[in-house]
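[1] have a look at this fold, sequence not included:
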């Protein structure tokens, strides 16, 4: 009788079972278990990273809320260590829901905050995710005016009709949209004119060492030109040096994000200030959009 553990070698997309593939599968199972346990125990939080204005690099334009989980030792685990494993599973939808809930809670707490939250296009049709968004918007309609939803390039083009419909519906609530990790996937450029993206985020692979990399300079200039044509603002991701920041600002990039300006933190300044002033009540947000 054939061993079901041995994969069919006739299928070119299926690798033969091996110690390496077994180790990878075991690692992924361990990752899923760790994330599921964190979700069940509500050991999920956001880390906040500033995104700076390129023309005034000492001024924060908005923050990105990045999902984190804690493992059984209390160690904070960044999304890059688990998101690829859970993204296609329902657990990924649950994480997106929790990230949205935490982000909208932060917006409600701090009226000066403008925040972007990541989601997979697969989560748009997830009932719990949509119910969470509706709940917070019903509670305070002005929250949408300070919310930016970042949809990854690779998932946006998989479900373009769903994304288009959702974006059209939500922009009526003042929500802005960003196309995340642009250039990392296989963008169908014909969709750009049909989507309602306000912001294009250039993947860090093309901004790293850009001051000294002519190839990245040409690619980024093309992306900036494309964004300008479609009336989109631009964010350069993974900016790590002063030279790169200066080059991107001079090239016309609107916003800069990366370790050069600040690492993600689970204890942002506005929460430290709020704890220092416990009598200060959180109010509603300003009636402005990012593109205003």
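    Structure received. Because the structure is predicted, anything quoted here is derived from the model rather than measured.
[2] what's the burial count for residue 203?
    Neighbourhood size, residue 203 [other Cβ atoms under 10 Å]: 20. For every residue, glycine as well, the C-beta is placed using N, CA and C.
[3] tell me the contacts of it?
    Contact analysis of residue 203 by Cβ atoms under 8 Å, 6 or more residues apart in numbering lists 181-184, 237-238.
[4] in TSV: those residues, plus pLDDT and distance to residue 32.
    Output for the contacts of residue 203, formatted as TSV (pLDDT from 0 to 100; distance: Cβ to Cβ, whole Å):
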residue	pLDDT	distance to residue 32
181	87	23
182	87	29
183	81	29
184	74	24
237	96	27
238	96	27
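[5] any regions of the protein where pLDDT drops low?
    1-17, 20, 22-24, 185-188, 190-191, 274-292 (pLDDT under 70).
[6] which helix is the longest one in it?
    In the chain, assigned by DSSP state H, the helix with the most residues is helix 19-40.
[7] who does that helix touch, helix- and strand-wise?
    strand 60-70, helix 83-86, helix 90-109 (3 or more Cβ pairs under 8 Å, 6 or more residues apart in numbering; DSSP states H and E).
[8] quick check: angle from the last one to strand 60-70?
    If I follow you right, that is helix 90-109. 130 degrees (axes from the mean of the first three to the mean of the last three Cα atoms, to 10 degrees).
[9] buried sites along helix 90-109?
    91-104, 106-108 (16 or more other Cβ atoms under 10 Å).
[10] go on, the second one?
    Residues of helix 83-86 classed as buried: 83, 85-86 (neighbour count, 16+ other Cβ under 10 Å).
[11] what about the helices in the stretch 101-250 of the chain?
    127-139, 153-156, 160-170, 214-229, 242-251 (DSSP state H, counting those that start in this stretch).
[12] which of those sits most buried?
    Of all the helices of the stretch 101-250 of the chain, helix 153-156 carries the top mean neighbour count, a mean of 21, counting by mean count of other Cβ atoms under 10 Å.
[13] show me what it is packed up against.
    For helix 153-156, the contact count by 3+ Cβ pairs under 8 Å, 6+ apart identifies strand 176-182 as packing neighbours.
[14] could you point out which of the helices and strands packed on helix 19-40 sits nearest residue 142?
    helix 90-109 (9.0 Å; Cβ to Cβ).
[15] and the angle for the closest one with helix 127-139?
    In terms of direction (the same axes, to 10 degrees), helix 90-109 departs from helix 127-139 by 10 degrees.
[16] need the residue closest to the centroid of this structure.
    residue 118 (3.1 Å; Cα atoms, centre = their mean).
[17] is it true that that one touches residue 180?
    Yes: counting by Cβ atoms under 8 Å, residue 180 is a contact partner of residue 118 at 6.5 Å.
[18] which neighbours do these two have in common?
    150, 152.
[19] count the neighbours of residue 56 for me.
    Applying other Cβ under 10 Å, I find that residue 56 has 10 neighbouring residues.
[20] who's in contact with the closest residue to residue 259 other than its chain neighbours?
    Spatially, and ignoring its direct neighbours in sequence, residue 259 is nearest to residue 240 (5.2 Å; Cβ to Cβ, 6 or more residues apart in numbering). Contact analysis of residue 240 by Cβ under 8 Å, 6+ apart lists 208, 258-260.
[21] I'd like to know how far residue 240 sits from residue 74.
    28 Å (Cβ to Cβ, to the nearest Å).
[22] likewise for residue 256?
    32 Å.
[23] of the two, which one has the most company?
    It is residue 256, of residue 256 and residue 74, that has more neighbours when counted by other Cβ under 10 Å, with 26 against 7.
[24] phi first, then psi, for residue 241.
    Backbone geometry at residue 241, expressed as degrees, to the nearest 10, gives phi -130, psi 160.
[25] what does residue 57 give?
    The phi/psi pair for residue 57 (degrees, to the nearest 10) is phi -70, psi 0.
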